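**Student:** here is a sequence together with a model predicted from it:
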Amino acid sequence: MPEPHTAVDEAVVDRTPADTFAAPIGITSAVPDTGRAEAEAAKRGIRRRMPKLTLKLASGLVLVVGITLFGIIAPFFTQSPTFSGNPSLQPPSADHWLGTTKLGYDVFAQLAQGTRGSLLIGIVAGSIALVLSVLFGVLAGYLGNWSDEILSLVTNIMLVIPGLPLVMVIATYVPGRSWLLVAIVLGITAWAGPAVVLRAQSRSLRAREYVAASRVAGERAHRVILVEILPNLLPLLTAQFLFAIIFAILGEAGLSYLGLGPTGSITWGTMLNDAQTGQAIGTGAWWWFVPPGLMIALLGAGLSLINFSIDEIINPKLRIAPEYTRRVRKAAREGRGVAVEGSIA
Amino acid sequence: MKFYARRITIYLVTLWATISLNFLLPRLMPGDPAEILIAKMQRAGEVSETTIRNIRLILGSGSDVPLWEQYLGYWGRLLHGDLGISVTKYPTPVTELIANALPWTLVLVGLSTVIAFVLGIGIGAWVGWRRGTWVDHLVPGTTVLQSIPYFWLALILVAVFAVNLRWFPIFGGYDVFAFPSGPEPTLAFLSDAIYHGILPAITIVLSSVGGWLFGMRNMMVATLSEDYIITAEAKGLRPGRILRAYASRNAAIPSIAGFSITLGFVVAGSIVMEQVFTYPGVGKLMFQAVQNNDYALMQGVFLVITITVLAANFLMDLVYGFIDPRARHNA
């Protein structure tokens, strides 16, 4: 097995035992003549794949949907984020919910517009990273041989080149940066990590019987990848997409803070940059620099909470093991368990 | 041995790609960065012939030398340790500026990363061991820490502990008034540098510990349901021994293998964070270079950051090959 990421491969393969993928959606639902019982079983199978609505998932969804709606709707109801007729550096009040900046901009209006800008950059960059990681990861894992060698080499190079410094270098050479350009640059520097994981996964999926069956049946490579492999990677891809969004938003915030962000757009990052150049810290204008960072942290927390639930689908051990130990402990407490003092808690 | 040969090949190719990227980027960009920069500098004041020549040499424009000859010349200068002259601090060589800044970042980011890694792996192992108890509820909290931008956390820490409480200095790597002649090898200077480094270090540790902790906890939970753990329990081994020798060692492997992914985030975060603290490291140097269109300095800093990251990754590969024989033999 001539490749460098043995342990990652093994770890990832370990984390996804065969039973997770035992009933690929493509196959179970494609057979038309199954009995009712089997159809119901298939439906149950799909439901089992959907995350259970736990407190974690619910609060994650509330945070993410709430922030997204705020970014979509709120800018229509606030004053213009670049209206400078307000008194400057006002603390929060009834007129200005989050106070005003040094130039008299309303922080709430800026935050609403910035939410829109940051989300847009995050989603575009996340999508680009997703497409590239599928291209490099899944293709490398599925095709194997020399295509794998080349694709993996590119992936490994992109993995070790420090991303943000590279983005900084590129951004400096381009004088007028649109938000789209920033999103594209962030996207093309962020796909390597996910691609490594996807490659390992595709390699292990490739060895499964149903993929082999489909190949023996004479299906072409693109069909095997689209129909047999990608659907089974869906939970993983979702998790990676959500992470890519938050990392792109973090990256944009860092770039903007250094003054290398999109010109002419308002994002959470440009707000923080304004706050820094406007001496918000020295003058104690906390209402200026706390809200944008807090929004980033809240969105990140929301996306991570959703990812927790996806993680528990990808890796059933994460859900089953804690449940099992809880059950053992309860049984022991009721005096009917076999667990004794000194066993694993 | 093949494992190390492959890794070294990847690092060499990466190094070559980075250097070539440094060379090609300004030449591929739309417009002419050299002319834009020279025009910008001429607007600000008189520009000497040497500076113009320097800029053209780095950015490659206005000359009729073919591209591959420029490329060879670029390598030649690089191999002689010549990274060019800084425009920001004219006429200091870029290598000298970087040599002064690098130790600050290396010590700060290096130490903080080691602390965060050890803390994260240790606490992660314990939290995974205590799976199914109240400790599980702490796990989502770690990801909140992870999604906070480094520099924003730094801003908050400065606002609270430096500006309001006045426990720590607001900026700098050492007290420039107490040591006007720069760093000196005395105990007083060392303690002053440590005092200035506490807040930046706390920022890095707080922001990066969550990632290690979370990854380790999940691997721990997965490892603990392996058959060999049950066998170990059935043999009647002490829980402490199972935790240390059986579970943690195996669960820690992916964290070490995935070190490079996480290190990238730490380096990126630290560069921006240094700006908040005006810490005299390479992050601040990079920022100055970007602000002043100092391309030679910028390319030099980017190169040095890449080499450092590659070195850290190689170090981790050595550790990894040492603790996991499979990596050495199967590779």
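**Tutor:** Alright, I've got the coordinates.
**Student:** secondary structure class for residue B:182?
**Tutor:** At residue B:182 the chain is in coil, as set by DSSP: H, G, I helix; E, B strand; the rest coil.
**Student:** state the distance from it to residue B:104.
**Tutor:** 12 Å (Cβ to Cβ, to the nearest Å). Heads up, the C-betas are built off the backbone N, CA and C, glycines and all.
**Student:** quick one: which of those two has more around it?
**Tutor:** More neighbours surround residue B:104 than the other of residue B:182 and residue B:104, with 24 against 10 (other Cβ atoms under 10 Å in any protein chain shown).
**Student:** not counting sequence-adjacent ones, nearest residue to the one residue in the stretch 51-200 of chain A that gets nearest to chain B?
**Tutor:** Going by Cβ to the nearest Cβ, chain B is nearest to residue A:164 of the stretch 51-200 of chain A, at 3.3 Å. Leaving aside its sequence neighbours, residue A:164 sits nearest to residue B:268 (Cβ to Cβ, 6 or more residues apart in numbering or on different chains; 3.3 Å).
**Student:** equivalent analysis for residue A:247, please.
**Tutor:** residue A:190 (5.9 Å).
**Student:** check contacts around the one you found.
**Tutor:** A:125, A:129, A:163, A:244, A:247-248, A:251 (Cβ atoms under 8 Å, 6 or more residues apart in numbering or on different chains).
**Student:** same thing but at 10 Å, please
**Tutor:** A:125-126, A:128-130, A:132-133, A:158, A:163, A:167, A:243-244, A:247-248, A:251, B:264 (Cβ atoms under 10 Å, 6 or more residues apart in numbering or on different chains).
**Student:** which one of those has the most neighbours?
**Tutor:** Result: residue A:251 is most packed of the contacts of residue A:190 (other Cβ under 10 Å), 30 neighbours.
**Student:** pLDDT below threshold where in chain A?
**Tutor:** A:1-52, A:336-345 (pLDDT under 70).
**Student:** follow-up on the earlier one: quick one: residues contacting the residue of the stretch 51-200 of chain A closest to chain B.
**Tutor:** A:186, A:189, A:250-251, A:254-255, A:258, A:260, B:264-265, B:267-272, B:283, B:286, B:305.
**Student:** of those, buried ones?
**Tutor:** Among those, those scoring as buried are A:186, A:189, A:250-251, A:254-255, A:258, A:260, B:264-265, B:267-272, B:283, B:286, B:305 (criterion: 16 or more other Cβ atoms under 10 Å in any protein chain shown).
**Student:** give me the subset of the residues you listed lying in helices.
**Tutor:** Among those, the members falling in helices (DSSP state H) are A:186, A:250-251, A:254-255, B:264-265, B:267-272, B:283, B:286, B:305.
**Student:** which one of those residues is nearest residue B:241?
**Tutor:** residue B:265 (34.3 Å; Cβ to Cβ).
**Student:** who touches both of residue B:182 and residue B:104?
**Tutor:** With Cβ under 10 Å, 6+ apart as the test, residue B:182 and residue B:104 both reach B:174, B:280.
**Student:** which pLDDT value goes with the residue positioned nearest the centre of chain B?
**Tutor:** For chain B, residue B:267 is the residue whose C-alpha lies nearest the centre (Cα atoms, centre = their mean; 2.6 Å). Residue B:267 is assigned a predicted lDDT (pLDDT) of 81.
**Student:** wait, isn't it in contact with residue B:308?
**Tutor:** Yes: contact criterion Cβ atoms under 10 Å: residue B:267 and residue B:308 qualify, at 8.1 Å.
**Student:** grab the nearest non-local neighbour of residue A:267.
**Tutor:** residue A:117 (3.9 Å).
**Student:** show me what secondary structure element comes after the helix or strand where the one you found lies.
**Tutor:** Under the criterion of DSSP states H and E, residue A:117 resides in helix A:107-133. Following helix A:107-133 in sequence order, the next helix or strand is helix A:139-143 (DSSP H and E).
**Student:** what is the neighbour count of the residue in the stretch 51-200 of chain B that chain A sits nearest to?
**Tutor:** When distances are taken as Cβ to the nearest Cβ, the stretch 51-200 of chain B reaches nearest to chain A at residue B:147, 2.1 Å away. For residue B:147, the count of nearby residues is 22 (other Cβ under 10 Å).
**Student:** what separation is there between residue A:212 and chain B?
**Tutor:** Distance from residue A:212 to chain B, counting by Cβ to the nearest Cβ, to the nearest Å: 23 Å.
**Student:** from the contact counts, what lies against the one helix or strand that residue maps to?
**Tutor:** Per DSSP H and E, residue A:212 falls inside helix A:209-216. Applying 3 or more Cβ pairs under 10 Å, 6 or more residues apart in numbering or on different chains; DSSP states H and E, one finds that helix A:209-216 contacts helix A:25-28, helix A:192-206, helix A:221-223.
**Student:** could you chop chain A up by domain?
**Tutor:** For chain A, automatic domain parsing gives the domain ranges A:71-314, A:317-345.
**Student:** which of those domains sits most buried?
**Tutor:** domain A:71-314 (a mean of 20; mean count of other Cβ atoms under 10 Å in any protein chain shown).
**Student:** how far does that one stretch from start to finish?
**Tutor:** Start-to-end span of domain A:71-314 (Cα to Cα, to the nearest Å) is 31 Å.
**Student:** just how off-centre is it within its chain?
**Tutor:** 8 Å (Cα atoms, centre = their mean, to the nearest Å).
**Student:** so how far is stretch A:308-323 off the chain centroid?
**Tutor:** Centroid separation for stretch A:308-323 versus its chain: 18 Å, with Cα atoms, centre = their mean.
**Student:** since that was my last question, I'll sign off now.
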